[in-house]
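J.: sequence first, predicted coordinates after that:
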Amino acid sequence: MWRYTVRRILQMIPVLIGTTFIIYAMVFALPGDPIQALAGSKPLPQSVINALHERYNLDDPLVVQYAKYMANAFQGDFGETFYGQSVTSALESRWPVTLKLALVAWVFELVAGVTLGVWAGLRRGKFTDRVILGGTTLIIAVPTFVVAYSAQLLLGVKWDIFPVAGTQEGWVSYILPGIVLGSFSLAFVARLVRTSIAENLRADYMRTARAKGLPKHRVVVRHLLRNSLIPVVTYLGVDLGSLMSGALVVEAVFNMPGIGQGIFQAVQTKQGTLVVGVTTILVLIYLFANLIVDLLYGVLDPRIRYE
Amino acid sequence: MTELTDVSKTGAAGAHHPLLEVEDLHVEFRMQGSTVRAVNGLSYTLEKGQTVAILGESGSGKSVSAQAVMGILDTPPAHVTGGSVRFQGQELLTLPERERRAMCGNRIAMIFQDALSALNPVHSVGIQIAEMFRVHRKASRAEAKAKAIELMDRVRIPSAAARFGDYPHQFSGGMRQRIMIAMALALEPDIIIADEPTTALDVTVQNQIMKLLAKLQEEMEMGLILITHDLGVVADVADKIVVMYAGSVVEQADVEELYARPGHPYTEGLLASVPTLASKGQRLVPITGQPPNLAAIPSGCAFHPRCKRATDRCPVEVPALREPAPGHLSACHYAEEVLGD
């Protein structure tokens, strides 16, 4: 298992280099000079342009620029924004916001998704099952921003149950955006659990469990759930990364100063270092979430061996 | 019904009632628009220490009938639509679910065909055996573990204590079936139902498993219901044979009697299709045709389309299960002739 873990971590290196290089190249391939974008429509003296180009390695070939950038990044220096602020400190206040938001969404989709999925799976074909199937289809079909604005309007403005926007009220202000952010995955998790439960209900070992004379709740929890939730763990693990990178729309609607908004602004002002810095960290989160899921898989399903 | 329950509670029931009586059992599968009659009037009795073999092709209703006796049918789609199952005189089919469940594993236990899929893949075999003591006997963790290891030893699993924590996929087929047996025997039940216990195994391993099962049955004086399609397995261990075809009993007799003088053309056909040393070098005689579709069982005698002896009477008139010779039941219009040949 240790050898497997080490090998997986080594495999991350080419993946990380590949993804960050593509992002780096794409960001700097955007038309227009970033320095000019910084100044807006004001004309800049050539000397200033040259000095800034020098400072941000803008005249080097792309590969060299990228190599210099990554070399610094691995020493914890993700470079500076064009406003002279270091990327690390520019994001410092943004990470906690997105992290909290994603966490609330994740817990919500885990608890509600699994509960609904189990419920529907055990009552397959009955009324409850159809309601849950219909509801989750609706959630998947409606775009996030529609869900977000509707939730904000109804629960925030009209009925005044949750704060309308911002992050001033601590954890409470994360509840509604978290639910909105998690709703899409919730629908997905519920359907995944439902299918898995319905499939495992017919398994031979379930018949054995009944023949052993075990009480119903024990048959469901110890035998059915334990087997049915294995595929769900994969989805939930990887989804933590997706939630963080997908928080942009929700952050915008609820006016939360998270990294989603940060990236958006950085792309608009062609701040390549900022974009690449954020994405590098997101890629790392993805990769480690994947690794943890794969290792967890072996714990949950003893048939899986690492070689 | 109440009377019977009371009798069984006094404990004197064993003297007056057989261990298990199945009478005119009917099971149907109801699916959208169609009804499949899987068991149509199965009757047999089982005494303490006795082995009854239920013999039949796949789809003859033998496994379904066993699950109905156990009370573990998937309902829906399966429904027990009639008949009676009495354990030491006590009716099981009308028993409340809780009491029925308490009997499973405790008084009546079951061994399944494919131990790999019948054992839970994510729990260690030891835990799965120990679960019986934990749930039914409220044993402590350590106690249950000790008992489970003792059982694994008893079914001859080498270094049982060391293998307690191993998972089903880490055992060979034969060893897995031993685990199933250990699990079924855990609470020393009165009846074991073995549903094709050796079908998934190699021939040499089959023999070992059957011997083990027979030996343990004798030691514990259990009644054994052996469900199989394998005439070879039956001959060695069974006392009585019930032959099923299309969900009904076609013949029932003691094992020697049935092998010496089959009383139904279907049994005759089955026996003729088994290779023996005497038939070496000769072609085997198969039963022609296919087992019937249970959603459309042929009229009259269900076996008539495949029967060499069929006459005009057979597609029209359902043959009753009669006793053409003492202790020998057959559901054939021409049972006497078949017996005579």
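T.: Thanks, I have the structure now.

J.: neighbours around residue B:45, how many?
T.: 16 (other Cβ atoms under 10 Å in any protein chain shown). In short, each C-beta sits where N, CA and C put it, glycine included.

J.: is it located within a helix, as I assumed?
T.: No - counting by DSSP: H, G, I helix; E, B strand; the rest coil, residue B:45 is not part of a helix but strand.

J.: ok, residue 124 - contacts?
T.: Here I'm looking at chain A. Residues counted as contacts of residue A:124 (Cβ atoms under 8 Å, 6 or more residues apart in numbering or on different chains) are A:194, A:198, A:201.

J.: think we crossed wires, I meant chain B
T.: By Cβ under 8 Å, 6+ apart, the contact list for residue B:124 reads A:302, B:164, B:165, B:166, B:167.

J.: just the residues you listed: which are in helices?
T.: In helices, judged by DSSP state H, none of those are found.

J.: farthest pair within the residues you listed?
T.: Taking Cβ to Cβ as the measure, the contacts of residue B:124 span a maximum distance of 13.8 Å, between A:302 and B:164.

J.: next, format the contacts of residue A:124 as JSON lines and append distance to chain B, pLDDT and secondary structure.
T.: Compiled in JSON lines, the contacts of residue A:124 are given as follows (distance: Cβ to the nearest Cβ, whole Å; pLDDT from 0 to 100; DSSP: H, G, I helix; E, B strand; the rest coil):
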{"residue": "A:194", "distance to chain B": "18", "pLDDT": "93", "secondary structure": "helix"}
{"residue": "A:198", "distance to chain B": "13", "pLDDT": "88", "secondary structure": "helix"}
{"residue": "A:201", "distance to chain B": "9", "pLDDT": "88", "secondary structure": "helix"}
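
J.: hmm, residue B:233 is touching residue B:224, no?
T.: No - look at residue B:233 against residue B:224 with Cβ atoms under 8 Å: they stay out of range, at 11.9 Å.

J.: now, which of the contacts of residue B:124 sits nearest residue B:182?
T.: Using Cβ to Cβ, those come closest to residue B:182 at residue B:164, 11.3 Å.

J.: how much space between the residue lying closest to that closest one once chain neighbours are set aside and chain A?
T.: Once flanking residues are discounted, residue B:164 sits nearest to residue B:126: 3.3 Å by Cβ to Cβ, 6 or more residues apart in numbering or on different chains. To chain A, residue B:126 is 13 Å away according to Cβ to the nearest Cβ, to the nearest Å.

J.: run through the residues that contact residue A:17.
T.: Going by Cβ under 8 Å, 6+ apart, residue A:17 touches residue A:70.

J.: and what of residue B:74?
T.: Contact analysis of residue B:74 by Cβ under 8 Å, 6+ apart lists residue A:202.

J.: does the residue nearest to the spatial centre of chain B have beta-bridge partners, and which?
T.: Among the residues of chain B, residue B:227 comes closest to the average C-alpha position under Cα atoms, centre = their mean, at 3.3 Å. Beta-bridge pairing of residue B:227, defined through DSSP bridges, involves residue B:54, residue B:195.

J.: and the gap between it and residue B:192?
T.: 11 Å (Cβ to Cβ, to the nearest Å).

J.: residue of chain A nearest chain B, please.
T.: Nearest to chain B in chain A, going by Cβ to the nearest Cβ, is residue A:213, at a distance of 3.3 Å.

J.: circling back: tell me which of the contacts of residue B:124 has the lowest pLDDT.
T.: Lowest pLDDT of those: residue A:302, 83.

J.: so that one sits against residue B:122, correct?
T.: Yes - when contacts are counted by Cβ under 8 Å, residue A:302 is listed as touching residue B:122 (6.2 Å).

J.: anything in contact with each of these two?
T.: Common contacts of residue A:302 and residue B:122 (Cβ under 8 Å, 6+ apart): residue B:167.

J.: which stretches in chain B count as helices?
T.: According to DSSP H, chain B carries its helices in the segments B:2-10, B:13-16, B:62-70, B:97-103, B:115-118, B:125-136, B:141-154, B:160-163, B:173-185, B:203-220, B:231-237, B:255-260, B:265-272, B:335-340.

J.: and residue A:275, what element?
T.: Element membership for residue A:275 (DSSP states H and E) is helix A:272-300.

J.: which parts of that helix are buried?
T.: Judged by neighbour count (16 or more other Cβ atoms under 10 Å in any protein chain shown), helix A:272-300 contains these buried residues: A:272-283, A:285-291, A:293-294, A:297.

J.: got it, and stretch B:59-70?
T.: Quick answer for stretch B:59-70 (16+ other Cβ under 10 Å): B:59, B:60, B:61, B:62, B:63, B:64, B:65, B:66, B:67, B:68, B:69, B:70.

J.: distance of the third one relative to residue B:34?
T.: For residue B:61, the distance to residue B:34 (Cβ to Cβ) stands at 16 Å.

J.: ok, and the closest non-adjacent residue to residue A:304?
T.: Spatial nearest neighbour of residue A:304, chain neighbours left out: residue A:298 (4.7 Å); criterion: Cβ to Cβ, 6+ apart.

J.: before we move on, what about residue A:294?
T.: Ranked by Cβ to Cβ, 6+ apart and with sequence neighbours excluded, the top spatial neighbour of residue A:294 is residue A:8, at 7.2 Å.

J.: from memory that neighbour sits against residue A:288, does it?
T.: No - using Cβ under 8 Å, residue A:8 is not in contact with residue A:288, being 9.8 Å away.

J.: mind telling me which of the helices of chain B the model trusts least?
T.: Mean pLDDT per stretch puts helix B:2-10 lowest among the helices of chain B, at a mean of 43.

J.: burial measure for residue A:26, as a count.
T.: Neighbour count for residue A:26, taken as other Cβ under 10 Å: 12.

J.: report all helices and strands that the helix or strand harbouring residue A:235 contacts.
T.: For residue A:235, the element it lies in under DSSP H and E is helix A:230-245. Helices and strands touching helix A:230-245, by 3 or more Cβ pairs under 8 Å, 6 or more residues apart in numbering or on different chains; DSSP states H and E, are helix A:94-122, helix A:172-201, helix A:272-300.

J.: pull the residues that contact it.
T.: For helix A:230-245, the external contacting residues (Cβ under 8 Å, 6+ apart) are A:98-99, A:101-102, A:105-106, A:109-110, A:114, A:117, A:181-182, A:185, A:188-189, A:192-193, A:196, A:259-260, A:282, A:285-286, A:289-290, A:292-293, A:296-297, A:300-301, B:122.

J.: could the contacts of residue A:124 go into JSON lines alongside distance to residue B:40 and neighbour count?
T.: Below are the contacts of residue A:124 laid out as JSON lines (distance: Cβ to Cβ, whole Å; neighbours: other Cβ atoms under 10 Å in any protein chain shown):
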{"residue": "A:194", "distance to residue B:40": "36", "neighbour count": "25"}
{"residue": "A:198", "distance to residue B:40": "30", "neighbour count": "18"}
{"residue": "A:201", "distance to residue B:40": "28", "neighbour count": "16"}
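
J.: the closest residue to chain A within chain B: how many residues sit nearby?
T.: Going by Cβ to the nearest Cβ, chain A is nearest to residue B:104 of chain B, at 3.3 Å. Residues near residue B:104, counting by other Cβ under 10 Å, number 20.

J.: isn't it right next to residue A:210, touching?
T.: Yes - between residue B:104 and residue A:210 there is a contact under Cβ under 8 Å: 7.1 Å.

J.: which neighbours do the two have in common?
T.: Residues touching both residue B:104 and residue A:210 by Cβ under 8 Å, 6+ apart: residue B:72.

J.: contact residues of chain B facing chain A?
T.: With Cβ under 8 Å from any Cβ of the partner chain as the criterion, chain B meets chain A at residues B:67, B:70, B:72, B:74, B:101-106, B:109-110, B:112, B:114, B:117-124, B:131-132, B:135-136, B:167, B:169, B:183.
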